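> Here is my input; please provide its structure:
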Amino acid sequence: GYKICFESSEKGPELVPGQRFKNYLCSEGDPDLFIIVHSDPFIIPADAKRVFHAPLVEEIGNTLIKKDDKFWSIYENTGNIFISTTLPYSTDNKEAIVRLSLSTNRWDLFIKGGSNNIDPFEYPLDGLILYYLTAKSGDIMIHASGVNHSGHGFLFSGISGKGKTTMAGLWKEAGANVIHDDRLIIRCISDTYKMFNTPIYNYDIPKSSVLTHIYLIEHGPGNKLVRLREAEAVSNVMANCIQQNWNPEIIKGLINNLSELFSHIPVFRLSFIPDRSITEFLPGNEE
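The predicted structure follows:
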């Protein structure tokens, strides 16, 4: 649902989006964010403090394997945020730095190394830029699958192995429109909460749905629902939100956004049997 304008600087690179973004290109409407892409080197200020670091970790068979200590880091000083990252799946050892502020809609992206053809949303730039855009916009990025079935917008959240992809597949078999099976963005637009997919898969297209129910899922011996009240819902759902816990204001904003969301959208703990019976169980047993 965001419009992001990438623009090459005067001496900047040729911008060539990857295949997974081809169906997301648009030319209408005012951008929510401008990002100027530079091929010049950039040095993070010496007085900037490193506040977050992430090693390169891959999930293999529901097990997290650390591949490299060096991946991406966050630095901060005087209201500016700097993201320094490698681009580990590029073929030419590129590195990048994003310079941003949550108080402006003009950010800078510096990419060092490689050819003059640059995908400005190459992994992990896509997720990092989208995360800070959600933080700036008062929105929520969450590990979840989402479907729309007969006008009901179901969001299923949980850590790896809890059944997000399984649930999406079961509802697809039942005729539902799958919004995404792994990572969603929740936004309030014109007083209506909606969930949007994010560009992870090749040949995917933008999808969205009104959000009506949120479920924290786990496999169980039967299909069972327990309604969570607001405080419990915030603490449990927040654990599945994509977040970086170094900035107290961002954390406070996320808590407030979740609290406001749950005053409109009910949250349930759902244990389920991974078969088609769950598509007959929901909706109708939420009260």
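> which SS state does the residue nearest to Ser259 when sequence neighbours are not counted fall under?
If the residues on either side of it in the chain are set aside, Ser259 comes closest to Val234, at 5.7 Å by Cβ to Cβ, 6 or more residues apart in numbering. C-beta coordinates here come from the backbone N, C-alpha and C atoms, glycine included. Of the three states, Val234 takes helix under DSSP: H, G, I helix; E, B strand; the rest coil.
> Quick check, Val234 in contact with Asn256.
No - counting by Cβ atoms under 8 Å, no contact exists between Val234 and Asn256, whose distance comes to 9.5 Å.
> Can you list the low-confidence ranges for the stretch 51-200 of the chain?
Judged against pLDDT under 70, the low-scoring parts of the stretch 51-200 of the chain cover residues 62.
> picking up where we left off before, let's see the pLDDT reported for the residue nearest to Ser259.
At Val234, the model reports a pLDDT of 96.
> measure it to Ile185 for me?
The span separating Val234 from Ile185 equals 18 Å under the rule Cβ to Cβ, to the nearest Å.
> Just want to know which of those two has more residues nearby.
In this view Val234 and Ile185 are compared by other Cβ atoms under 10 Å, and Ile185 has more residues nearby, 24 against 20.
> tell me which residues form a beta bridge with the nearest residue to the more buried one once chain neighbours are set aside?
Distances taken as Cβ to Cβ, 6+ apart put Phe196 closest to Ile185, at 4.7 Å, once the chain neighbours are dropped. Note on Phe196: beta-bridge partners by DSSP bridges are Ile185, Ser208.
> cool, Thr192 as well?
Bridge pairing for Thr192 - DSSP bridges - gives Ile189.
> So it sits against Thr212, correct?
No - under the criterion of Cβ under 8 Å, Thr192 is not in contact with Thr212, lying 10.3 Å apart.
> Please identify which of those two sits among more neighbours.
A count of neighbours by other Cβ under 10 Å puts Thr212 above the other of Thr192 and Thr212, at 18 against 10.
> doesn't Ile265 make contact with the more buried one?
Yes - Thr212 sits in contact with Ile265 when judged by Cβ under 8 Å, with a separation of 6.9 Å.
> Spit out the residues that contact the two alike.
The overlap between the contact sets of Thr212 and Ile265 (Cβ atoms under 8 Å, 6 or more residues apart in numbering) is empty.
> ok but Phe21 is inside a helix, no?
Yes - using three-state DSSP, the assignment for Phe21 is a helix.
> The spatially closest residue to Ala144 that is not a sequence neighbour pairs with what?
Taking Cβ to Cβ, 6+ apart as the measure, Ala144 lies nearest to Ser157, with 3.9 Å between them; neighbours along the chain are not counted. When bridges are called by DSSP bridges, Ser157 pairs up with Ala144, Leu216.
> Let the chain start at 36 from now.
Yes, from this point I'll number from 36; that puts the last item at Ser192.
> Contacts only, for Ser192.
Ile177, His178, Ala179, Lys199, Ile249, Tyr250, Leu251, Ile252, Val272, Asn275.
> 6 Å instead?
Under the criterion of Cβ atoms under 6 Å, 6 or more residues apart in numbering, the contact partners of Ser192 comprise Ile177, Ala179, Leu251, Asn275.
> Can you name the two of those that sit furthest apart?
With distances taken as Cβ to Cβ, the most widely separated pair in those is Ile177 and Leu251, at 11.0 Å.
> in this structure, which residue is closest to the centre?
Nearest to the mean C-alpha position of the chain, counting by Cα atoms, centre = their mean, stands Met176 at 4.2 Å.
> Can you report how many residues neighbour Lys147?
15.
> next one: the one 5 residues further on
If you count neighbours by other Cβ under 10 Å, Asn152 ends up with 9.
> For it, give me its contacts.
Taking Cβ under 6 Å, 6+ apart as the definition, contacts of Asn152 comprise Glu49, Val51.
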